[in-house]
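*Asks:* sequence first, predicted model second:
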Amino acid sequence: MRGWKMLPVLLVLLLTASTSFAGGFRLVEAGTKAMGMGFAFTAQADDPSAIYFNPAGLTQLKGQNIMVGVTYVRENGGDFTGTTPVDNNVPGPGFTNQKSETQKSLNFYIPNAYYTKTTPDGYFSYGVGIFAPFGLGQEYNDKHSSIFRNQITKIDLMTVVVNPTIAFKVNEFLSVGVGIDYMYGKATLEKTPWSPALVPVAQNGNVFDLKLEGTGDAWGYNFGLLLKPTENFRVGANYRSKFTLDIKDGDVNLGNINPGVAPALAGLTTTKGNATLYLPATFALGVSYTMGKLTVNADADWTFWSSYKSLPIDFKDNRPVLPDSNAAKNWKDVCALRFGAEYQVTVPLSLRAGFVYDPSPAPANTMGPELPDAIKLDYMVGAGYKIGKWTIDVAGMYVDKKDRTVNNQAFTAAGGSGFNGTWTGDAWLVGLDVTYNF
């Protein structure tokens, strides 16, 4: 079992990065072929990434397959215009002064890897997949002057799942698949609490720089069904359970401590912290229809974000200026609509296209600068080419994030939360998978 645990740890440290593109901070970039078809792949599921999209689809594969790939993400920094509770060098809350801020533009790499084997009669398959189902990455340009510094200056959530899977072809009409999911996660949170009472003292009212970093793990499960009523028509369903990711005994470091609060900390510069992340269950229902060389797919993909009610953070050594927190989130369940098509130009060459309507689960009254989420429209194109036993899949994706205006600003003695204003942003992705069949 020790070897299984070390594999995801190494992948996180060496390969996995985080971002946020599906509603909330869910990542569906688990296969490039699927990406080229708008991730409408639940009923097609005919490459090794079926382990993620619908494990019942493994019975459609032949022999043994190894697939490895990566998705490159260019997240253009979002722009904010509005007001926040923080005002540099001005005592009191800054509710009335118009401000602007641009997040850092970030580059990420999201890996995937799969191994599958199907018996010659096609009635039994098994395999293992490695992918990153959730991630969140945001960073603001200057931790000491950002207008959001009292809420967040940097956040990173990285997860990787190892998913052993088996599938059975019950008959020509029905296949089923099931798997166990082991998740390893790493989270980093940085912020610079701000107090209007300290503005005249020093450091623009900054209390200190706080960094919390820790790791945790969790277990889950998944299962899928694939129905073939006719030779050309398929129906697929896929369920993935929720995860409760406990970040335990994370390292908490305090720096640049304001002289005005140093006595209250009584020399405390390091401690331990715990956080709990409630990662949602998902369910996808899809159909696929083939007409000669053309296959068209449609999926309804639910993410049950209502399990994400709060974000509790507990510090081992509390101080009046370092209290525990339990920020309300109260996210809502959402359903993304995914559409895709594949055209077999020649025996080795396939062309693909897709579109996704992806709503946001974050309600306006709890949305924060760690994830200024909004409705997204995703546009994809892709291609696949076979060379002997090798298959190369490529895809590109543009994320059009709609403007989101929120008015949830609040002021407290600790500096306040929320904001009143409008966010904009977008992103580009490019994926590559290489598969070998033997």
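*Replies:* That came through fine.

*Asks:* residue 179 in helix, strand or coil?
*Replies:* Put simply, residue 179 is strand when judged by DSSP: H, G, I helix; E, B strand; the rest coil.

*Asks:* next up, the contacts around the closest residue to it other than its chain neighbours.
*Replies:* Nearest residue to residue 179 in three dimensions, chain neighbours excluded: residue 165, at 3.7 Å (Cβ to Cβ, 6 or more residues apart in numbering). Just so you know, the C-beta spots here come from the backbone N, C-alpha and C atoms, and that holds for glycine as well. Contacts for residue 165 (Cβ atoms under 8 Å, 6 or more residues apart in numbering) come out as 51, 55, 58, 126-129, 177-179, 222.

*Asks:* can you tell me how far residue 410 is from residue 347?
*Replies:* Note on residue 410: its distance to residue 347, by Cβ to Cβ, to the nearest Å, is 62 Å.

*Asks:* neighbour count: those two, which is higher?
*Replies:* Remark: of residue 410 and residue 347, residue 410 carries more neighbours, 12 against 7, as counted by other Cβ atoms under 10 Å.

*Asks:* run through the bridge partners of that one.
*Replies:* On the basis of DSSP bridges, residue 410 is bridged to residue 417.

*Asks:* that older thread, which residues does the residue nearest to residue 179 bridge with?
*Replies:* Bridge pairing for residue 165 - DSSP bridges - gives residue 127, residue 179.

*Asks:* do you know the pLDDT at it?
*Replies:* Looking at residue 165, its pLDDT is 98.

*Asks:* related to what we said a few turns ago, any chance of the contacts of residue 165 in CSV, with distance to residue 404 and neighbour count too?
*Replies:* Shown next, in CSV, are these (distance: Cβ to Cβ, whole Å; neighbours: other Cβ atoms under 10 Å):
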residue, distance to residue 404, neighbour count
51, 34, 33
55, 35, 30
58, 39, 33
126, 44, 19
127, 40, 26
128, 39, 17
129, 33, 27
177, 37, 27
178, 38, 16
179, 35, 25
222, 31, 23
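
*Asks:* among those, which pair sits farthest apart?
*Replies:* Spanning the widest gap among these are 126 and 222, at 14.2 Å by Cβ to Cβ.

*Asks:* how many neighbours does residue 430 have?
*Replies:* Using other Cβ under 10 Å, residue 430 is surrounded by 15 other residues.

*Asks:* so what's it up against?
*Replies:* Counting by Cβ under 8 Å, 6+ apart, the residues that residue 430 touches are 71-72, 394-397.

*Asks:* type out the PyMOL command that picks the buried ones from those.
*Replies:* In PyMOL, a selection of the buried entries from the contacts of residue 430 looks like this (16 or more other Cβ atoms under 10 Å):
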select buried, resi 71+394+395+396+397
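
*Asks:* any idea which of the contacts of residue 430 is closest to residue 64?
*Replies:* Distance to residue 64 across these (Cβ to Cβ) is lowest for residue 394, with 23.2 Å.

*Asks:* doesn't the closest one lie inside a strand?
*Replies:* Yes - Residue 394 sits within a strand when classified using three-state DSSP.
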